[in-house]
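Q: Build the 3D model from these lines:
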Amino acid sequence: MHPFLILLIGVLAVVGSILALRLHAFLALILGALVVAAITPRENVERYATDAKLSEKAAKDLAQAPWGKRLGDAFGRSCANIAIIIAMAAIVGQCMLESGGAERIVRASLNLTGEKGAPIALAVTGFILGIPVFFDTVFYLMIPLAKALAARTGKNYGLYVMSIAAGATISHSLVPPTPGPLYVATELGVLGPMILAGCVIGGLSVVPGVAYAYFANRRWPVPLRETADVSIDDLKAMSARDTASLPSLSASLFVILFPVALIVADVVLGLYQKDVPSWLLTTSRQLGDPNIALGLSAGVALILRLRHAAPGSPKLAATLETALAGAGQIILITASGAAFGAMLQQTAVGGTIAALPMFKGASPGLAVLAGAFLVTSLIRIAQGSATVAMVTSIGMFGALAKDGALGFHPVYLALAIGFGSKPVPWMNDSGFWLICKMSGQTPTETLRNHSAMFTIMGVSGLIFTMISAKLFPFTGTP
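A: The predicted structure follows:
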């Protein structure tokens with residue numbers, strides 16, 4: 001059976017299970033992975049294994065392995081790579097929320113820019129918080145501030161909400177340790193470069209997104225409306241907590257930037273390991289491991305939570321239960337998506353794509369970036385999850401980054417996939433309804449404002465990525 005036909009059947013199985021049968025994403029992805037594994041001929045699996053440079057015996061063993069074992073092995077490998085990191089990141093996010101550390105960062109940003117610069121401050125703050133904190137947590141944290149700002153100024157509510165979403169959604173898809181970029185970067189072996197490039201090129205893509213937010217706010221202003229969680233009369237009491245009772249700005253920023261600094265330092269020292277003392281290199285490898293870096297950050301966040309919890313906050317055990325319950329579901333969905341992607345890889349679809357005429361010629365690498373962006377976007381539109389789209393797409397395109405075949409650093413492929421997960425969120429996306437309901441917008445307003453803005457940022461990001469790959473290929477960088 002042709003790999004493209006297997007791919008189509010697999011995607012239809014997942015999308016149909018989610019949209020028609022209303023199955024949970026975890027079950028839908030496991031079902032899709034089993035379907036793909038069941039209909040993939042052994043010769044396809046052997047071809048994939050040979051392309052992956054496995055020995056002849058290992059290739060035959062993989063092809064003859066039961067479907068469940070191949071799926072279980074892929075699921076387990078994914079959990080080994082991401083489970084601890086996601087759990088620690090969830091603890092960091094919940095503790096930052098309850099300690100007031102995240103609110104402290106938001107207030108400092110607004111104090112720095114003033115009311116006129118509030119949209120920029122919100123976008124920057126959303127981007128920073130979105131690095132270790134999941135998008136929904138960032139949005140829950142910052143939407144009261146957008147409402148309070150609009151209540152004071154009497155205008156620009158839609159602009160404030162869009163600015164928050166613009167910053168948070170880009171770091172969510174471009175900067176590890178959030179699940180999608182974390183998995184893609186791990187698969188390509190570019191975790192450190194992904195953090196750096198995601199911050200730089202992802203930050204650039206926020207600019208056209210915020211520019212569209214200003215345009216949409218002038219053309220289609222969104223009024224401030226009451227929502228189920230808060231009334232307009234309550235908005236003026238949103239900032240009742242005294243700043244003095246919040247954690248310091250330095251401590252709040254430290255929790256977020258500390259793990260990023262450890263991971264980046266390990267990458268940088270690794271590039272110059274011949275000139276670095278062995279004890280420093282060993283220390284950086286230990287502390288710069290993402291599991292350790294996020295674990296240390298979670299420890300600091302817990303201390304911050306214990307020292308600065310607001311009156312009436314739940315007990316620490318309840319805080320951890322809330323964080324880990326959410327993390328567990330994300331780990332299951334991400335790992336099952338990875339298993340689905342691995343089953344797609346074993347159809348030899350990567351080698352088949354690589355053999356297409358469109359990926360050959362003067363600039364095959366740039367064509368791969370465009371193809372990865374398009375495929376990720378189509379999967380995202382079809383089934384709604386940016387993370388599932390990313391882990392599925394890397395299963396198809398990851399093989400093309402082997403042995404320097406792209407002609408530039410594989411981090412650009414990771415970026416193209418990340419940006420491909422932005423177009424076009426609509427009613428099958430849980431994030432769409434989160435923005436819609438929490439902000440009090442109508443579905444039409446959410447489509448016109450946020451869906452359009454995310455699409456603009458995704459396309460702009462692809463353009464920035466392709467230009468960067470052409471100008472700065474970094475082909476000699478590990």
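
Q: Excluding chain neighbours, what is closest to residue 127?
A: Nearest-residue entry for residue 127: residue 167, 3.7 Å, with adjacent residues in sequence omitted and distances by Cβ to Cβ, 6 or more residues apart in numbering. (C-beta placed from N, C-alpha, C; glycine too.)

Q: since we're on the one you found, how many residues are nearby?
A: Residue 167 has 29 neighbours, counted by other Cβ atoms under 10 Å.

Q: now residue 115
A: Residue 115 has 12 nearby residues by other Cβ under 10 Å.

Q: my read: it touches residue 156, true?
A: No - counting by Cβ atoms under 8 Å, residue 115 stays clear of residue 156, with 9.2 Å between them.

Q: shared neighbours of these two, anything?
A: Common neighbours of residue 115 and residue 156, using Cβ atoms under 8 Å, 6 or more residues apart in numbering, are residue 149.

Q: I'd assumed residue 207 was in contact with the residue nearest to residue 127.
A: No - the criterion here is Cβ under 8 Å, and residue 167 misses it with residue 207 at 10.8 Å.

Q: Report the set of residues contacting both of the two.
A: By Cβ under 8 Å, 6+ apart, no residue touches both residue 167 and residue 207.

Q: Quick check: residue 449 vs residue 455, distance?
A: Residue 449 is 11 Å from residue 455, where distance means Cβ to Cβ, to the nearest Å.

Q: same question, residue 255
A: 32 Å.

Q: Those two: who's more crowded?
A: More crowded of residue 255 and residue 455, by other Cβ under 10 Å: residue 255, with 28 against 18.

Q: Is that one inside a helix or a strand, and which specific one?
A: helix 249-271 (DSSP states H and E).

Q: Do you know the pLDDT at residue 299?
A: With respect to pLDDT, residue 299 scores 93.

Q: quick one, the helix or strand encompassing it and helix 249-271 angle?
A: Secondary structure from DSSP H and E places residue 299 in helix 290-308. Per axes from the mean of the first three to the mean of the last three Cα atoms, to 10 degrees, the angle that helix 290-308 makes with helix 249-271 is 170 degrees.

Q: List the buried residues of helix 290-308.
A: 290-298, 300-302, 304-305, 308 (16 or more other Cβ atoms under 10 Å).

Q: Now stretch 447-461: average pLDDT?
A: Rounded mean pLDDT across stretch 447-461 is 95.

Q: ignore the last one, stretch 325-334
A: Here the average pLDDT along stretch 325-334 is 82.

Q: next one: stretch 80-93
A: Per-residue scores along stretch 80-93 average to 84.

Q: What separation is there between the residue nearest to residue 127 and residue 445?
A: 20 Å.

Q: Give me the residue ranges of the stretch 51-200 of the chain where confidence is low.
A: For the stretch 51-200 of the chain, the stretches with pLDDT under 70 are 133, 141, 152.

Q: Run through the helices of it in chain order.
A: Under the criterion DSSP state H, counting those that start in this stretch, the stretch 51-200 of the chain contains helices at 56-64, 67-99, 101-113, 118-129, 135-153, 157-174, 179-188, 191-219.

Q: from the ones you listed, which stretch is densest packed?
A: Among those, ranked by average contacts under mean count of other Cβ atoms under 10 Å, first place goes to helix 157-174 (a mean of 29).

Q: How about residues contacting stretch 3-17?
A: Contact with stretch 3-17 is made by 23, 27-29, 31-33, 35-36, 39-40, 44, 340, 343-344, 347-349, 352, 379, 382-383, 388, 392, 396, as judged by Cβ under 8 Å, 6+ apart.

Q: What ranges in the stretch 301-450 of the chain fall below the confidence cut-off?
A: 312, 350-351, 353-365, 382-384, 403, 427-428.

Q: Dump the helices of the stretch 51-200 of the chain into a markdown table; add distance to residue 276 as well.
A: Converted to a markdown table, these look like this (distance: least, Cβ to Cβ, whole Å):
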| stretch | distance to residue 276 |
| --- | --- |
| helix 56-64 | 36 |
| helix 67-99 | 25 |
| helix 101-113 | 33 |
| helix 118-129 | 29 |
| helix 135-153 | 36 |
| helix 157-174 | 28 |
| helix 179-188 | 23 |
| helix 191-219 | 15 |
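
Q: roughly how far apart are the residue located most distally from the centre of the chain and residue 342?
A: The centre of the chain is farthest from one residue, residue 57, which by Cα atoms, centre = their mean lies 36.9 Å away. To residue 342, residue 57 is 20 Å away according to Cβ to Cβ.

Q: likewise residue 269?
A: 32 Å.

Q: Please apply the same query to residue 309.
A: Distance of residue 309 to residue 342, given as Cβ to Cβ: 42 Å.
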